[in-house]
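J.: Predicted model follows, preceded by the sequence.
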Amino acid sequence: MTRWMTLSVAVLFVAAVNMQAENAANAPAPAPAVAAPVPPVKKAVRPPPLPPEPINLTGKLSKDVKTIKDKAGVEKTMTHYVATTADGAKVVLMPNKSVTAEILDGMVDKSIKVTGTGRTFENGGKKLVRLMTLTSVEVAPATTP
């Protein structure tokens, strides 16, 4: 009798496992986890650039020559013309069609009057002048005390 009981329990066990496997196969697949929607990244909106204003300044012209090496190891000589105003603001002058490097070379270490367009602003307590277009450069008349 114990054999029949053991055999019937084994048959019931196999039937239960078989039924569980059939239920698992017929069950719908679990839905994949849905990620939370990512809000679109808003780019910082820059205000439109301010239009350049006319600039007239007087200062002393100096010439700055630097030799640098580029990534390939080639040495390059760079020349900058800088006008320093009475209040310490430095303005870089870039030669163009109307004001060539030869003209600026003749005015080095002299007081000059610069006319053009650009922006004037302060950064860290320093007055900065960014010249966008250079219209004319002339030697300023000497002032007598």
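T.: Yes, it's here. Residues are numbered from 1 along each chain as shown.
J.: can you give me the helices in this protein?
T.: Using DSSP state H, the helices of the chain run over 2-26, 101-106.
J.: so where's the longest strand in the protein?
T.: As assigned by DSSP state E, the longest strand anywhere in the chain is strand 53-69.
J.: so where's the protein uncertain?
T.: 1, 23-31, 142-145 (pLDDT under 70).
J.: just to revisit the earlier point, would you indicate which residues of the longest strand of the chain are buried?
T.: Ile55, Leu57, Gly59, Lys60, Leu61 (16 or more other Cβ atoms under 10 Å). Every C-beta, even on glycine, is put in place using the N, C-alpha and C of the backbone.
J.: list the contacts for the third one?
T.: Residues near Gly59 by Cβ atoms under 8 Å, 6 or more residues apart in numbering: Ala83, Thr84, Thr85, Ala86, Ala89, Val91, Ser111, Ile112, Val114.
J.: Let's see the ChimeraX selection covering just the buried ones among those residues.
T.: In ChimeraX syntax, the buried subset of those is picked out as below (16+ other Cβ under 10 Å):
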select :83,89,91,111,112,114
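J.: What is the burial count for the residue nearest to Ser111 when sequence neighbours are not counted?
T.: Nearest non-adjacent residue to Ser111, counting by Cβ to Cβ, 6 or more residues apart in numbering: Ala140, 4.3 Å away. Neighbours of Ala140 under the rule other Cβ atoms under 10 Å: 16.
J.: one step back: dump the contacts of Gly59 to JSON lines, plus distance to Glu75.
T.: Below are these laid out as JSON lines (distance: Cβ to Cβ, whole Å):
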{"residue": "Ala83", "distance to Glu75": "27"}
{"residue": "Thr84", "distance to Glu75": "28"}
{"residue": "Thr85", "distance to Glu75": "32"}
{"residue": "Ala86", "distance to Glu75": "36"}
{"residue": "Ala89", "distance to Glu75": "31"}
{"residue": "Val91", "distance to Glu75": "27"}
{"residue": "Ser111", "distance to Glu75": "33"}
{"residue": "Ile112", "distance to Glu75": "30"}
{"residue": "Val114", "distance to Glu75": "31"}
